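*Asks:* fold the following.
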Amino acid sequence: MSKPNTSHNHKNKKQKLGRGLGSLLGGDSGAFSKMTPETMGNDSAPAPVIQKPPTPPQQQAKKDSTAPETAIAQDAVKETKEAVQPQIPEKNRIWNIPIENIRANKDQPRKHFEKEALDELSASIKEKGILQPILLKKTAPDRYEIIAGERRWRAAQKAALQEVPAIIRDLDDQEVLELALIENIQRRDLNPIEEAEAYDLLMKRFELTQQAVADRVGKERATVANLLRLLQLTPEVREMMMSGQISQGQAKVLLSLQDKKDQVEMALRVKAENLSVRALEKLIHKRKVEDETPEPVEVKPKSAAQMSTLKEELQKHLGSRVDIEYHSGKGKLKLYFYSDEQLNQIVDRLRD
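*Replies:* As a prediction, this is how the structure comes out:
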């Protein structure tokens, strides 16, 4: 690259310095002298043209000499940025999916959606839109099933939205059910019966143990076991619990009733009389005592058969071996026990 002519540049520099402010601005120096308050306030008056000062030859030559290098450096930076710029994985992209192409998950753990809460969410979506995308699974071309977000989808329909933002994942049936369950548990959207039914479905469909289910959803095994016990309630009582007519604590007490009719009867009494958990426990205990108390037996033992009948009744009531030694209205009653626990059980039954 040829070097600039320094002598010529020096001469030009002297000439430019002698031309005054106009030469430095690159325009007519008279432009400013011709400006008056009238012309400044007159929109039709020609405005002075201010140009950038010309680049001195030395700087221009230096700029020209570095221009190729600068261009190369800029290209390199651009290529580097494009290379390191992360590409969003397809599974994390947000898509706009037509509402009519989406269907609810038949195994959705959540079965009850409160109308008032759904109306409030619909109004919010109408004003602000859907802030969190729905999680979908693709089941066929342009067909999707909800993994998580059915409440948002329902509210979007009420708000007359045509499309909803969604993230699409490729998951198997077990992963879909686990994600749906975990999402609802984290949001505390499930009532105890819905949660128990979801655990039961996981265990039966995928042959999982209570411990395996507990590990997947981040719960203690005892918590899962206690919830699963609620499924032993009659459908009527479970429905009352899901609708909030009886509490989980009251439902646990009702589990002590083996007879299904008794469960329903007591649940209705809880609702009608607004019974507390403690009051319900006392009521059920009283009924059990009445049911378990044997009919009084008239003791007129004159035969071995009568003594045998009395012995069997005592053994059934006390839950232990009983011996009776009888002689003319006198004798001994022997009770057998084989552990401290059994002894305490016999004493409790005798007290009752």
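
*Asks:* quick one: His112 from His317, how far?
*Replies:* 45 Å (CB to CB, to the nearest Å). Where you see a C-beta, it was placed from the backbone N, CA and C, and this is true even at glycine.

*Asks:* compare the two and say which is more crowded by neighbours.
*Replies:* Just comparing His112 and His317: by other CB atoms under 10 Å the higher neighbour count belongs to His317, 16 against 12.

*Asks:* which other helices and strands does the helix or strand in which that one is found contact?
*Replies:* Secondary-structure element containing His317, defined by DSSP states H and E: helix 304-318. Judged by 3 or more CB pairs under 8 Å, 6 or more residues apart in numbering; DSSP states H and E, the packing partners of helix 304-318 are strand 322-327, helix 340-351.

*Asks:* of all the ones you listed, which lies closest to Ile168?
*Replies:* helix 340-351 (57.9 Å; CB to CB).

*Asks:* that closest one packs against which elements?
*Replies:* With contacts defined as 3+ CB pairs under 8 Å, 6+ apart, helix 340-351 has these neighbours: helix 304-318.

*Asks:* mind listing what's buried in the helix it packs on?
*Replies:* Burial within helix 304-318, assessed by neighbour count using 16 or more other CB atoms under 10 Å, is assigned to 307, 310, 314, 317-318.

*Asks:* tell me the one of those nearest Ala160?
*Replies:* When these are compared for distance to Ala160 (CB to CB), His317 comes out closest, at 68.4 Å.

*Asks:* pretty sure that closest one contacts Arg349?
*Replies:* Yes - applying CB atoms under 8 Å, one finds His317 in contact with Arg349, separated by 6.6 Å.

*Asks:* contacts for stretch 274-290 next, please.
*Replies:* 247, 249-250, 253-254, 256-257, 262, 266, 269-270, 352 (CB atoms under 8 Å, 6 or more residues apart in numbering).

*Asks:* what of stretch 124-140?
*Replies:* Residues contacting stretch 124-140 (CB under 8 Å, 6+ apart): 94, 97, 102, 144-149, 152-153, 155-156, 159-161, 164-171, 176, 179, 183.

*Asks:* one step back: and the contacts of stretch 274-290, which of them are buried?
*Replies:* Taking 16+ other CB under 10 Å as the criterion, what is buried in the contacts of stretch 274-290 is 250, 253-254, 257, 262, 266, 270.

*Asks:* which of those sit farthest apart?
*Replies:* Of all pairs drawn from the buried ones among the contacts of stretch 274-290, the greatest distance, 14.0 Å, lies between Gln250 and Asp262 (CB to CB).

*Asks:* secondary structure class for Lys332?
*Replies:* Three-state secondary structure (criterion: DSSP: H, G, I helix; E, B strand; the rest coil) places Lys332 in strand.

*Asks:* let the chain start at 32 from now.
*Replies:* New numbering, starting at 32: the last item is Lys363.

*Asks:* that one pairs with what?
*Replies:* Counting by DSSP bridges, Lys363 is bridged to Glu356.

*Asks:* ok, now which ones touch it?
*Replies:* Lys363 touches 354-356, counting by CB under 8 Å, 6+ apart.

*Asks:* residue ranges with poor pLDDT in this structure?
*Replies:* Low-confidence regions of the chain, defined here as pLDDT under 70, cover residues 32-117, 219, 323-334.

*Asks:* change it to 80
*Replies:* In the prediction, the chain carries residues with pLDDT under 80 at positions 32-119, 121-122, 142, 215-220, 320-336, 358-361, 379, 382-383.

*Asks:* mind giving me the domain ranges of it?
*Replies:* Residue ranges for the domains of the chain, per automatic domain parsing: 32-85, 126-277, 278-322, 335-382.

*Asks:* return the distance of the last one from the chain's centre.
*Replies:* Computed by CA atoms, centre = their mean, to the nearest Å, the separation of domain 335-382 from the middle of its chain amounts to 57 Å.

*Asks:* please apply the same query to the shortest one.
*Replies:* Taking CA atoms, centre = their mean, the mean C-alpha location of domain 278-322 is offset from the chain mean by 33 Å.
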